[in-house]
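1. For reference, the sequence and a predicted model appear below.
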Amino acid sequence: VYAHHLENGSPRMQYRQRLREIIAERHHDVAVYTTDHCQIEPQCDNPQILFEMNSNGSIWFPVHNKYYNGTVFSAYIETLTKGPARGLTEKTWDPIQKGHFVLPFGYCGIVKDCAGYGIELPDFIDYGYDSINNHLQRWDAYINELDRLCGLNRTKWRNLYQGARSLLIKNRQCLENHHPERLID
């Protein structure tokens, strides 16, 4: 499980903090990587990569592959958690590119938007929370699914991962076929 957190009063930062707290309280046996709990090693030793800016000037912090290689899914809070603005960022694209299943929380319809890019989502993850308009109810449904996924044992995850490997490879290829500027926009 991979989650970002920074001290901030914005809704996304509050959700990120709560996600980290829930994982710490309930799921001691899952791998957790957050930017505030430990110094996450960047993918590249070149500090300039941290300042490779997208079109709106935000910083991209590519996480080292070793964090993805030891886990199978990423639960995270996207940048936009309420509408009407919509969009996906590296928080979604990076885990998909690294071969992870994703469990994003954001605005209503974020998972649908992900599928709109051609990303196939596994049927064993319940993305029903994505269509809930009320953000508090959507959050509760999201956490229920996170709890369920974190409760699966390693054998079950290994079988799910092996069974969906072609889907994960297809998703990676889908991203490689898109123009990077479209993904950033």
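-> It's in. Numbering: from 1, shown residues only.
2. Let me know the average pLDDT across stretch 21-39.
-> Averaged over stretch 21-39, pLDDT sits at 67.
3. Also stretch 156-174?
-> For stretch 156-174, the mean per-residue pLDDT is 94.
4. Now find how far off-centre that stretch is within its chain.
-> Between the mean C-alpha location of stretch 156-174 and the chain-wide mean there is a distance of 16 Å, by C-alpha atoms, centre = their mean, to the nearest Å.
5. buried sites along it?
-> For stretch 156-174, a neighbour-count test (16 or more other C-beta atoms under 10 Å) marks Leu160, Tyr161, Ala164, Leu168, Asn171 as buried. The way it works is simple: take the backbone N, C-alpha and C, and place the C-beta from them, glycine included.
6. What about those, which are in helices?
-> Mapping these onto helices (DSSP state H) picks out Leu160, Tyr161, Leu168, Asn171.
7. Pick the one among those closest to Thr92.
-> Asn171 (10.8 Å; C-beta to C-beta).
8. separation between the closest one and Arg165?
-> Per C-beta to C-beta, to the nearest Å, Asn171 is found 11 Å from Arg165.
9. and what of Gln97?
-> Distance from Gln97 to Arg165, by C-beta to C-beta: 15 Å.
10. Among the ones in helices among the buried residues of stretch 156-174, which one lies nearest to Tyr68?
-> The shortest approach to Tyr68 among these belongs to Leu168, at 11.3 Å (C-beta to C-beta).
11. Identify the residue spatially nearest to that closest one, adjacent ones excluded.
-> Leaving out its chain neighbours, the residue that sits closest to Leu168 by C-beta to C-beta, 6 or more residues apart in numbering is Gly99, at 4.9 Å.
12. before we move on, what about Cys150?
-> His27 (4.3 Å).
13. unless I'm mixing things up, that neighbour is touching Leu149, no?
-> No - His27 is not in contact with Leu149 according to C-beta atoms under 8 Å; the separation is 9.4 Å.
14. between the two, who's got more neighbours?
-> Set His27 next to Leu149 and count neighbours by other C-beta atoms under 10 Å: Leu149 wins out with 22 against 17.
15. And stretch 71-91, what's buried?
-> Neighbour counts over stretch 71-91 (16+ other C-beta under 10 Å) mark 71-81, 87-91 as buried.
16. Centre of the chain to stretch 103-113, how far?
-> Distance, centroid of stretch 103-113 to centroid of chain: 10 Å (C-alpha atoms, centre = their mean).
17. Endpoints of that stretch, how far apart?
-> By C-alpha to C-alpha, to the nearest Å, the extent of stretch 103-113 from end to end equals 13 Å.
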